[in-house]
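Peer 1: Mind folding the following:
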Amino acid sequence: MSSDSKYKLEYIWLDGYLPEPNLRGKTKLADKAPKSVEDCDLWGFDGSSTQQAEGKSSDCVLKPVALYPDSSRKNGFLVMCEVMMPDGKTPHPSNFRATVGDDADLWIGLEQEYFFTENDRPLGFPADGFPEPQGEYYCGVGYKHMGDIARQVVEEHLDLCLDAGINHEGINAEVAKGQWEFQVFAKGSRKIGDDMWMARYLLLRLAEKYALGVEFHCKPVKGDWNGSGMHCNFSTKFMREQGGEPYFTKLMSAFEKYANEHIAVYGPDNHLRLTGLHETQSIDKFNWGVANRGASIRVPHAFVNNSHKGYLEDRRPNSQGDPYKIVSRVLKTIQSVS
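Peer 2: Next comes the predicted model:
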């Protein structure tokens, strides 16, 4: 049978590892190209190999929830899945997406920072010691600062995501050597979560080809080096169209009230990153500030100048955090304000 007559559907899901899940994927062959996610069948897998079941009762089920074209494979598709119990209807305990709070009028932009790694150290770091101090790497150009491979991977990843329909807003080199960022925008908690996890998957899979690792931990290099965040830019219809200083004041009070609940889902080891240094506020404090990248919440000048209408940036989420959990918590706090 010709390869032209088969379609490759990569079923992708989140496993049960803690403190944050890993991405998993396996390929299902189909005779017809799916036109929508409804054309993708349920599919089983061995949950005992992913911390989602015991060997004596290992069946779990993948439920397709989002479909993307995969331009890197002939006749390829990417299928984002939720993990279900064997009945195919009951969400698995590890399946947070099934219970996430959602609102189509919630607009979210996530800034995913990460490090490329080679031989278990950040790309460009010497075997012994450190490269030149950070300062000239952010949005830098030239072999001295960027090397000869990172930008190639970043550009290829951008194209893969755009081909998949993921709404990238930008890419750039970040503050530390070997550190990069991409930004994704979507409407709704599930949509931004699906798109960000898929963008992470595409980056991890692409990096295999270049024998590179991708490090999402928030502080892979201790000392005077920036950690990695996943800043969460958010707005609701009310914030965009009505807003106002009284509402903003109440909103910030709510974010302060629930600061611990936010930190709890903003990614592991965040105390290593949120120190009050390197453009962060200390993990045990909450504040907001206009154009202040050392604040918990950065308030853009445009927000203040537009009668306190528009978007705000929560700078506390870290690069390894689960976007479903992060955005769901942001929405829950917003919804607590009348």
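
Peer 1: Can you show me the strands along the chain?
Peer 2: Along the chain, counting by DSSP state E, strands occupy 7-14, 23-30, 43-46, 59-70, 76-84, 107-118, 121-122, 168-173, 179-187, 213-215, 230-235, 288-290, 297-299, 312-314.

Peer 1: Show me the one of the ones you listed that comes nearest residue 267.
Peer 2: Closest to residue 267 of these, according to CB to CB: strand 230-235, at 7.3 Å. C-betas here are computed from N, CA, C, even on glycine.

Peer 1: The closest one - contacts with which helices or strands?
Peer 2: strand 107-118, strand 312-314, helix 323-335 (3 or more CB pairs under 8 Å, 6 or more residues apart in numbering; DSSP states H and E).

Peer 1: now the angle between strand 168-173 and it, please.
Peer 2: Interaxial angle, strand 230-235 versus strand 168-173 (axes from the mean of the first three to the mean of the last three CA atoms, to 10 degrees): 150 degrees.

Peer 1: Just the CA coordinates for strand 230-235, please, in PDB.
Peer 2: Coordinates of each C-alpha in strand 230-235 appear next as PDB, following Å, rounded to 0.1, in the frame of the first residue of the first chain:
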ATOM      1  CA  MET A 230       5.900  32.200  31.100                       C
ATOM      2  CA  HIS A 231       4.400  35.600  31.700                       C
ATOM      3  CA  CYS A 232       0.700  35.600  31.400                       C
ATOM      4  CA  ASN A 233      -0.900  38.600  29.600                       C
ATOM      5  CA  PHE A 234      -4.700  38.600  30.200                       C
ATOM      6  CA  SER A 235      -7.800  40.600  29.500                       C
END
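
Peer 1: thinking again about what came up before, determine which of the strands of the chain approaches residue 245 most closely.
Peer 2: The closest of the strands of the chain to residue 245 is strand 297-299. By CB to CB, the value is 11.1 Å.

Peer 1: what comes into contact with the closest one?
Peer 2: If you take CB atoms under 8 Å, 6 or more residues apart in numbering as the criterion, strand 297-299 is touched by 252, 255, 287-292, 312-315.

Peer 1: in its sheet, what does that strand sit against?
Peer 2: In the sheet, strand 297-299 lines up against strand 288-290 (parallel), strand 312-314 (antiparallel) (DSSP bridges).

Peer 1: Mind putting these into JSON lines with mean neighbour count, mean pLDDT and distance to residue 157?
Peer 2: Converted to JSON lines, these look like this (neighbours: other CB atoms under 10 Å; pLDDT from 0 to 100; distance: least, CB to CB, whole Å):
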{"stretch": "strand 288-290", "mean neighbour count": "15", "mean pLDDT": "97", "distance to residue 157": "33"}
{"stretch": "strand 312-314", "mean neighbour count": "22", "mean pLDDT": "98", "distance to residue 157": "23"}
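
Peer 1: my read: residue 182 touches residue 171, true?
Peer 2: Yes - counting by CB atoms under 8 Å, residue 182 touches residue 171, with 4.8 Å between them.

Peer 1: list the residues that contact both of these two?
Peer 2: With CB under 8 Å, 6+ apart as the test, residue 182 and residue 171 both reach 154, 158.
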